[in-house]
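Asker: Sharing a model that was predicted from the sequence below.
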Amino acid sequence: MSLFTQSAAWVSDEHRMFADMANRFYADELVPNIERWVEQGIVDRSFWHTAGQAGIMGGATPEEFCGAGGDMGFEAITIYQQTRTGDCGWGYGIQSIVTHYITAYGTEEQKARWLPGLASGEIVGAIAMTEPSTGSDLQAVRTRAEKDGNQYRINGSKIFITNGQAADLVITVAKTGDAGGSKGISLIVVEPDKCEGFSRGKNLKKLGMKANDTSELFYEDVKVPLTNLLGDEEGQGFYQLMNQLPWERLLIAIQALGAIDFALEQTVAYTQERKAFGQRVMDFQNTRFKLAECKTKAEVLRSFVNDCIARLIDGTLDAPTASMAKYYGTEIQNEIMHECLQLFGGYGYMMEYPIARLYADARVQMIYGGTNEIMKELIARSIDL
């Protein structure tokens, strides 16, 4: 199974060749390390460098900043092929989001300063939105950045930050003014190794996605240059966030599709080999019907995702449609993981089988990137009732 549908108009020969290359790279460099990374709670830093050298990252980063200069289809392929191999521990999804914030809103100096390292793996990125008392309601953030001479002084804390332990660059959502609601929010780039007062909490223990380092971050009078404001005007942070969320939400749907394809492949193989009552589990009508239902849902999602990728590339993907992809994709992902694990029987509950890990990993997909309840609210607002 592939990301592409037969009729996907956005797919070129270059996309197909890139997908083949990414698949080989993951098979050689990622798959053998998945279990070890799960145990240690973080992906080896060397893997970021290896991925950068192989050209896996920065597919849509402009060539002048050491990227491949392609369209967003290449980013979609990188994301899909990763989860298609059964991994969700490597935090490239966040790396991609950070890269495109800087590409879209950074000054030329900021792009030249950070984009090459993000493409090569020399820089690992994170984006710090969520706070202990603030989740989906980004307008309520309490972290503040106040001007102090030619610097910002940042105070506050963030939680559940993907790549939090490894990050060299953290796009931080902070209040820079007294205006209420969204008007006082800005995005400020913090480079932990270049400032005092920044600290990381312990690597958080999670239900799933155990190989992905997730942390609480603390800002205590952290001083960064005014030139680390993303863009050239304060108070644009909420606008910047909202305009980039369609890619973040589509990205999550792409991850869901990759995980679904891997789960179905694993489940078909298992039910063809496992026997019960003198016949293969696959030979029971219930098994065939359950897999038929799952396959149908996967193909519906694949068509929708391909349509969204095409719209992303031509600049017409809107927030409600991306919210539909995120909502529908993650709901279907969790439904299919439930059915697949059931077909494995007791073995499905054992962590030595990937389906157990996939089942646990899937649950957070309906929470991060905006909960699915928030997705439904955004979709409902687009309906002319």
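Answerer: Cool, the structure landed.
Asker: C-alpha from now on. contacts and neighbour counts both.
Answerer: OK.
Asker: So F160 lies in a helix, does it not?
Answerer: No: counting by DSSP: H, G, I helix; E, B strand; the rest coil, F160 falls outside a helix, being strand.
Asker: Low-confidence stretches in the stretch 51-200 of the chain?
Answerer: Along the stretch 51-200 of the chain, segments meeting pLDDT under 70 span 135-137, 179-181.
Asker: mind checking the SS state of the residue nearest the centre of the chain?
Answerer: Nearest to the mean C-alpha position of the chain, by Cα atoms, centre = their mean, lies G93 at 3.3 Å. What three-state DSSP gives for G93 is helix.
Asker: and the gap between the residue lying closest to it once chain neighbours are set aside and G156?
Answerer: Distances taken as Cα to Cα, 6 or more residues apart in numbering put I79 closest to G93, at 6.6 Å, once the chain neighbours are dropped. Here the criterion is Cα to Cα, to the nearest Å. By it, I79 lies 31 Å from G156.
Asker: neighbour-wise, which of the two wins?
Answerer: Per other Cα atoms under 10 Å, whichever of I79 and G156 has more neighbours is I79, with 27 against 17.
Asker: State the helix or strand in which that one lies.
Answerer: Taking DSSP states H and E as the definition, I79 sits inside helix 72-84.
Asker: Outside of that helix itself, list whatever touches it.
Answerer: 3, 10-11, 15, 18-19, 22-23, 26, 56-60, 88, 92-93, 96, 251, 254-262, 309-310, 312-313 (Cα atoms under 8 Å, 6 or more residues apart in numbering).
Asker: Domains in this structure, by residue range?
Answerer: According to automatic domain parsing, the chain comprises the domains 13-123, 126-235, 239-381.
Asker: measure the second one end to end?
Answerer: Which is domain 126-235. Start-to-end, domain 126-235 (Cα to Cα) is 20 Å.
Asker: go on, the first one?
Answerer: Across domain 13-123, the straight-line distance between its terminal residues is 30 Å, by Cα to Cα.
Asker: In the chain, where's the longest helix?
Answerer: When the chain is parsed with DSSP state H, its longest helix is helix 237-273.
Asker: for it, packing partners?
Answerer: On a contact count with 3 or more Cα pairs under 8 Å, 6 or more residues apart in numbering; DSSP states H and E, helix 237-273 meets helix 72-84, helix 92-105, strand 185-190, strand 279-280, helix 285-313, helix 319-344, helix 354-362.
Asker: measure D87 to F160 for me?
Answerer: For D87, the distance to F160 - Cα to Cα - is 19 Å.
Asker: for A269, same thing?
Answerer: Here A269 is placed at a distance of 35 Å from F160 (Cα to Cα).
Asker: same deal with I374?
Answerer: Distance from I374 to F160, counting by Cα to Cα: 18 Å.
Asker: Same drill for those two, tell me which one is more crowded.
Answerer: F160 (21 against 16).
Asker: quick revisit: let's have the helices and strands packed on helix 237-273 in a markdown table, adding distance to I34.
Answerer: Converted to a markdown table, the helices and strands packed on helix 237-273 look like this (distance: least, Cα to Cα, whole Å):
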| stretch | distance to I34 |
| --- | --- |
| helix 72-84 | 11 |
| helix 92-105 | 15 |
| strand 185-190 | 30 |
| strand 279-280 | 30 |
| helix 285-313 | 24 |
| helix 319-344 | 19 |
| helix 354-362 | 10 |
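Asker: Deepest in the core, which of those is it.
Answerer: Comparing the helices and strands packed on helix 237-273 by mean neighbour count (mean count of other Cα atoms under 10 Å), strand 185-190 comes out on top with a mean of 28.
Asker: which helices and strands does the helix or strand just after that strand pack with?
Answerer: Next along the chain after strand 185-190, taking DSSP H and E as the criterion, comes strand 198-200. Helices and strands touching strand 198-200, as assessed by 3+ Cα pairs under 8 Å, 6+ apart, comprise strand 214-225.
Asker: Check the offset of the strand it packs on from the chain's centre.
Answerer: Here the centre of strand 214-225 is set off from its chain's centre by 22 Å, with Cα atoms, centre = their mean, to the nearest Å.
Asker: Check stretch 191-201 too.
Answerer: Counting by Cα atoms, centre = their mean, stretch 191-201 is centred 23 Å from the centre of its parent chain.
Asker: can you list contacts of it?
Answerer: 164-165, 167-170, 215-224.
Asker: what's the span of that stretch, first residue to last?
Answerer: With Cα to Cα applied, stretch 191-201 spans 16 Å between its terminal residues.
Asker: buried set for it?
Answerer: Under the neighbour-count criterion of 16 or more other Cα atoms under 10 Å, stretch 191-201 has 191-192, 198-200 buried.
Asker: would you say A145 is within a helix?
Answerer: No: counting by three-state DSSP, A145 is not found in a helix; it is strand.
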